[in-house]
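Undergrad: Quick one: sequence and predicted model below, then my questions.
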Amino acid sequence: MCQITKHESKKFLAYYHYNNEQQLIFHKKTGIRTEILEQGFKQLDIMMTEYSKVSVILLQLHPDKFTEDNAIITQFLVRLKKKIKKQYNCKIGYLWVREQSSAEAQHYHMVIMVNGHKCNNAYAIGKMCDEIWEGPTDTNFSYRVKNRLYRIERYKGNDHELRAARMRMSYMAKNETKEFNRNTNSFGVSR
């Protein structure tokens, strides 16, 4: 069972009990989807057991028009994973969420996790994403998320970057702007 405790003084923050630690998370009035939070954190843990350094890169992708399904993100991931494997020859972790706000089309938030020994900045992966996402239509666009790179080192003894990355990932778990459609997943995670 997950346990969430509201922050004493910050109204949009809370503590999430994860792996016997209190992890600070974003938490709005509408609540969060704990399965997204749990799956994202677990994926990061898996990558941290695989590599002593992990680069976590945040993306925001906007399709040019609304779609009923997530075929566009599935196709994007197939192509992106192929390019990342070719350039870095490493395992890839990811988490994506589908959101629909007041805009006509949905948009996607995504976290890409790769070997931090081979990829130590967001430039190359950002460029790959732009080419794949914006290439087919010229009307899709990817938004450059501010402070989109987290470099986590397992043995450094400082868990600040890990906690910061988890906190940023927690934004993706908010209930607000999530569609609840039985036929369309609102999130996906690597296996």
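TA: Received, thanks.
Undergrad: Need the contact partners of stretch 174-187.
TA: Stretch 174-187 is contacted by residues 26-28, 30-33, 35-36, 39, 68-70, 95-101, 106, 172 when judged by C-beta atoms under 8 Å, 6 or more residues apart in numbering. For the C-beta atoms, the positions are set from N, CA and C on the backbone; glycine is no exception.
Undergrad: List the beta-bridge partners for the residue nearest to the spatial centre of the chain.
TA: Centre of the chain computed as the mean C-alpha position; nearest residue by C-alpha atoms, centre = their mean is V111, 2.7 Å away. Beta bridges link V111 to L58, L95 when assigned by DSSP bridges.
Undergrad: ok, now which ones touch it?
TA: 40, 56-59, 94-96, 169, 172.
Undergrad: Same check on R148?
TA: 57-59, 122, 126.
Undergrad: so can I have TSV of these showing neighbour count and distance to K85?
TA: Below are the contacts of R148 laid out as TSV (neighbours: other C-beta atoms under 10 Å; distance: C-beta to C-beta, whole Å):
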residue	neighbour count	distance to K85
I57	23	15
L58	22	20
L59	24	17
A122	22	18
G126	19	17
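Undergrad: any chance of those residues in JSON lines, plus pLDDT and distance to T184?
TA: As requested, those are exported to JSON lines (pLDDT from 0 to 100; distance: C-beta to C-beta, whole Å):
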{"residue": "I57", "pLDDT": "96", "distance to T184": "25"}
{"residue": "L58", "pLDDT": "96", "distance to T184": "23"}
{"residue": "L59", "pLDDT": "93", "distance to T184": "20"}
{"residue": "A122", "pLDDT": "92", "distance to T184": "29"}
{"residue": "G126", "pLDDT": "91", "distance to T184": "27"}
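Undergrad: re earlier: of the contacts of stretch 174-187, buried ones?
TA: Buried members of the contacts of stretch 174-187, counted by 16 or more other C-beta atoms under 10 Å: 26-27, 32-33, 36, 39, 70, 95-99, 106, 172.
Undergrad: And the next helix or strand past the helix or strand bottoming out on mean pLDDT in the chain?
TA: When each helix and strand of the chain is scored by mean pLDDT, DSSP states H and E, strand 141-143 comes last, with a mean of 71. Going down the chain from strand 141-143, the next helix or strand is strand 149-153, by DSSP states H and E.
Undergrad: roughly how far is whichever helix or strand comes after that next one from the heart of the chain?
TA: For strand 149-153, the following helix or strand on the C-terminal side (DSSP H and E) is helix 160-170. Counting by C-alpha atoms, centre = their mean, to the nearest Å, helix 160-170 is centred 11 Å from the centre of its parent chain.
Undergrad: Excluding its own residues, what touches helix 160-170? List them.
TA: 16, 18, 23-27, 32, 37, 40-41, 44, 48, 56, 58, 95, 111, 150-153.
Undergrad: Noted, bye for now.
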